[in-house]
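J.: here is a sequence together with a model predicted from it:
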Amino acid sequence: MKLTSQIEQLQKELDKSNVKLNEYNNEVKRWKAEANKSPSVMQRQLAERLRTDLLEKDKQIRALSKALGELRHDLVAQAEQAVLATNLMQPIQCAPPFQEVNEGKTIDETVVSPVSANPIESAILPQSAKTNHEMKISKGD
């Protein structure tokens, strides 16, 4: 009897050990499956999040580029309006060109006189004729 009770007790312990061993084996399999599966799941989630961030940044860049283009267009339009406004407000005042007549030995001795606004008159008419012609034009006005 003693032997049979010891055998039964040992049999029960062996069964418990086998159950625990099966549980441990199942847990090891599950951990291995999760270990193999987990990085790819994490990688997919990370890739999806990065893709979403990239799309958001791309939208922001497009919006900023559009705003920059509009701003550039507005600035050009304002500059054009400012140029037109200054041209309309201020009459064009150009200084008459100068032509050297007598060259002296030094710069101080050089005499300069204004040239006619009409380049053909400046080239063709002598200086005395130019002044007579200019006087006639001013009297005619």
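T.: Thanks, I have the structure now.

J.: how does the protein divide into domains?
T.: What the record gives for the chain is the domain set 1-92, 98-140, from automatic domain parsing.

J.: worst average pLDDT in those domains?
T.: Note on the domains of the chain: domain 98-140 shows the lowest mean pLDDT, a mean of 55.

J.: which helices and strands does the biggest helix by length in the chain pack with?
T.: In the chain, assigned by DSSP state H, the helix with the most residues is helix 2-89. With contacts taken as 3 or more C-beta pairs under 8 Å, 6 or more residues apart in numbering; DSSP states H and E, helix 2-89 sits against no other helix or strand. In short, each C-beta sits where N, CA and C put it, glycine included.

J.: number the chain from 202, please
T.: In the new numbering, first residue 202, that becomes helix 203-290.

J.: burial measure for Leu222, as a count.
T.: 10 (other C-beta atoms under 10 Å).
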